[in-house]
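Q: just coords:
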């Protein structure tokens, strides 16, 4: 009988395939809810066991969980409960769990560990995950951890730390499979089987030139379905998306999304292959960048519920102060028409309507513009076309809302003239709101600033001030207050 190739699939006899499953505790329904979140009852059960000193029961409950769920459990515990929980779970809180933890929670746990223990954990992780743990440490703590690491791991981490934050260099993994183009498929397979130090998780093999420049890629499926005698150069895909090592991670994510990539080679300034980025890392980046833009629009800082209270305060209060200043500007406009408001008090009740609808219209346009900029849908080539589109939308919205509010005010208050005034003010303010909603983020981007940074505050300032100015100005000019 010939020896079975280790790459051949194992075929089970009929009937056995249905029963050959890995034994695992059937308790998901007790632990997770319908949205794959840990049930409060389970969290309380684990914490109660730790509080009672029954660490063995706590470990038995947590052991079947995925590392990401163990990380969620630690995050759900109160700050004063986490140290005891981590101590009770002991070896269950391994490198994979720490890699999944929220950065603020992880930073606290890491600070309680010795440099040797942190170095041990970092050595078990992919380079990108290890960098994420070490980069948040203080400089002296970083040096202590790096001294305790194996030379090869230390060199990889030190190189990664030389790249800017949120760049491909920080994000990439150094462990990859690269082979010369003159090899055969058989040589590649033998190489993958024989070298125990090769990367464990990969989806494609990178083909490189003698000077280590990437010249193509081979999917694992292509390699496994080809004869051993076939040359790698004959089956490799020549077209590939190369990621510069200094590219911003948001641009990297856009390339993965645009070209439907699973992994991509990272090259340095000379074109040499230095690492790879995989789609699992990109999923985290897309989520983080999307959340960041939403939070920046509101000036809420990181918006992380695990962020220290003082840090959250500092991030938010400056934008509230800015909002206060813009509100004072709107108040100054109202004061200019103090006499008109005294003579016709109903103006005070109606003017917030004009400002409020204008603010909502501006926020809608702002959200569309920021998203278009973030996803590269809005560029220099279609900038003015996009402005024109938003102005047409604003015009149609303005006409619709102005007509409705004009008719309503005329009928309810019995004043067609007042209805016409508020309709005109509403129309012009919605138009201004649309223009501001697209112009503010475009201007910020032109100045090299993040277009999402609290743009809503400036758009609100424009719509409030102009709304009051238009409504009160039209009312005064029309003779309603005379």
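A: Noted; the coordinates are in hand. These numbers come from a predicted model, not from an experiment. Residues are numbered from 1 along each chain as shown.
Q: Report the distance from stretch 425-436 to the chain centre.
A: Centroid separation for stretch 425-436 versus its chain: 32 Å, with C-alpha atoms, centre = their mean, to the nearest Å.
Q: can you check stretch 275-284 too?
A: Distance, centroid of stretch 275-284 to centroid of chain: 13 Å (C-alpha atoms, centre = their mean).
Q: Please apply the same query to stretch 154-169.
A: Stretch 154-169 sits 20 Å away from the centroid of its parent chain (C-alpha atoms, centre = their mean).
Q: What of stretch 456-465?
A: Distance of stretch 456-465 from its chain centroid, counting by C-alpha atoms, centre = their mean, is 27 Å.
Q: Offset the numbering so it begins at 22, please.
A: Sure, I'll start numbering at 22, so the last one becomes stretch 477-486.
Q: got a list of contacts for that stretch?
A: If you take C-beta atoms under 8 Å, 6 or more residues apart in numbering as the criterion, stretch 477-486 is touched by 318-320, 340, 343-344, 347-348, 350-351, 354, 376, 379-380, 382-384, 387, 450, 453-454, 457-458, 461. C-beta here means a position set from N, CA and C on the backbone, and glycine is covered the same way.
Q: Please repeat the previous calculation with a cut-off of 6 Å.
A: Residues outside stretch 477-486 that contact it (C-beta atoms under 6 Å, 6 or more residues apart in numbering) are 318, 343-344, 347, 350-351, 354, 376, 379-380, 383-384, 387, 454, 457-458, 461.
Q: got it, and stretch 358-374?
A: Stretch 358-374 has contacts (C-beta under 6 Å, 6+ apart) with 443, 489, 492-493, 496-497, 501-502.
Q: So for that stretch, what gets flagged as buried?
A: If you call a residue buried by 16 or more other C-beta atoms under 10 Å, then stretch 358-374 has these buried ones: 358, 361-362, 365, 368, 371-372, 374.
Q: Mean confidence (pLDDT) on that stretch, please.
A: When pLDDT is averaged along stretch 358-374, the result is 87.
Q: With stretch 301-320 instead?
A: Throughout stretch 301-320, pLDDT has a mean value of 72.
Q: Show me the shaky parts of this structure.
A: By pLDDT under 70, the low-scoring segments of the chain are 22-50, 311-326, 473-475, 503.
Q: all strands of it, in order?
A: Secondary structure of the chain, counting by DSSP state E: strands at 199-201, 225-229, 235-240, 263-265, 284-288, 294-299.
Q: Ok, which of the ones you listed comes nearest residue 466?
A: The closest of these to residue 466 is strand 263-265. By C-beta to C-beta, the value is 20.9 Å.
Q: outside of the closest one, which residues touch it?
A: Here strand 263-265 makes contact (C-beta under 6 Å, 6+ apart) with 189, 273, 285-288.
Q: so residue 64 makes contact with residue 97?
A: Yes. Using C-beta atoms under 6 Å, residue 64 is in contact with residue 97, at 5.3 Å.
Q: what's near enough to touch residue 275?
A: Residue 275 makes contacts with residue 397, as judged by C-beta under 6 Å, 6+ apart.
Q: Pull out the buried positions in stretch 335-347.
A: Within stretch 335-347, the residues that count as buried by 16+ other C-beta under 10 Å are 336-337, 340, 344, 347.
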